[in-house]
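Asks: I'd like to go over a predicted model; first the sequence, then the structure.
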Amino acid sequence: MIVYNKTKDITVSDNVKVADTFLSRFLGLIPKKQLLSDEGLLITKCNGIHTCFMSFDIDAVFVSKDFKVLDIITIKPWRFSKFYESEFVLEFNSNFVYGKISVGDFIELREKR
């Protein structure tokens, strides 16, 4: 999956996996020991996250059903986010999204070809 920022007219990442099943959404990034620099995860039907059992900090981008960025947080292991009126959450390495995505931006999800 490719994450494209329509507001800034830039590709954020072309290395995003999708978590859209119960198991993949439940596990999220827990099985990972680290992420590649541009690697990310899109969690569908998600309005809050946790980082229990994770070993690294992440940036979480909460996105509404109309693809507007509602909030961006950096979250450490063993923490819980607050709940948002989001449709999905993008997770990346800590400090990866700053400068690429801002609150209020509109993003687009594109299939890799």
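Replies: Good, I have the coordinates. Predicted model, so just to flag it, every value in this text is computed and none were measured. Numbers count the residues shown, from 1 in each chain.

Asks: so who does Lys45 touch?
Replies: Residues in contact with Lys45, defined by CB atoms under 8 Å, 6 or more residues apart in numbering, are 20, 25, 87-88. In short, each C-beta sits where N, CA and C put it, glycine included.

Asks: farthest pair in those?
Replies: Maximum pairwise distance in the contacts of Lys45, criterion CB to CB, is 13.0 Å, between Arg25 and Glu87.

Asks: so what sits against both of these two?
Replies: 44-46.

Asks: any of the contacts of Lys45 buried? List them.
Replies: Neighbour-count burial within these applies to 25, 87-88; the criterion is 16 or more other CB atoms under 10 Å.

Asks: all helices of this protein, in order?
Replies: 22-27 (DSSP state H).

Asks: tell me what the residue nearest the centre of it is bridged to.
Replies: The centroid of the chain falls nearest to Leu90 when counting by CA atoms, centre = their mean (1.2 Å). On the basis of DSSP bridges, Leu90 is bridged to Leu42, Val61.

Asks: lowest-confidence helix or strand of the protein?
Replies: helix 22-27 (a mean of 91; mean pLDDT, DSSP states H and E).

Asks: with just CA atoms, put stretch 28-48 into PDB.
Replies: Below are the C-alpha coordinates for stretch 28-48, written out as PDB (Å, rounded to 0.1, in the frame of the first residue of the first chain):
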ATOM      1  CA  GLY A  28      -0.500  -5.100  14.800                       C
ATOM      2  CA  LEU A  29       3.200  -4.400  15.100                       C
ATOM      3  CA  ILE A  30       3.700  -6.600  18.200                       C
ATOM      4  CA  PRO A  31       5.600  -9.400  16.300                       C
ATOM      5  CA  LYS A  32       8.100  -6.900  14.900                       C
ATOM      6  CA  LYS A  33      11.400  -6.200  16.700                       C
ATOM      7  CA  GLN A  34      11.900  -3.100  14.500                       C
ATOM      8  CA  LEU A  35      10.600  -1.500  11.400                       C
ATOM      9  CA  LEU A  36      12.400  -0.500   8.200                       C
ATOM     10  CA  SER A  37      12.900   3.200   7.900                       C
ATOM     11  CA  ASP A  38       9.800   3.800   5.700                       C
ATOM     12  CA  GLU A  39       7.800   0.700   6.700                       C
ATOM     13  CA  GLY A  40       4.300   1.200   8.200                       C
ATOM     14  CA  LEU A  41       1.100  -0.500   9.100                       C
ATOM     15  CA  LEU A  42      -2.500   0.600   8.300                       C
ATOM     16  CA  ILE A  43      -5.000  -0.700  10.900                       C
ATOM     17  CA  THR A  44      -8.600  -0.600   9.600                       C
ATOM     18  CA  LYS A  45     -11.600   0.100  11.800                       C
ATOM     19  CA  CYS A  46      -9.500   1.600  14.500                       C
ATOM     20  CA  ASN A  47     -10.100   4.400  16.900                       C
ATOM     21  CA  GLY A  48      -7.400   3.700  19.600                       C
END
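
Asks: no further queries at this time; thank you.
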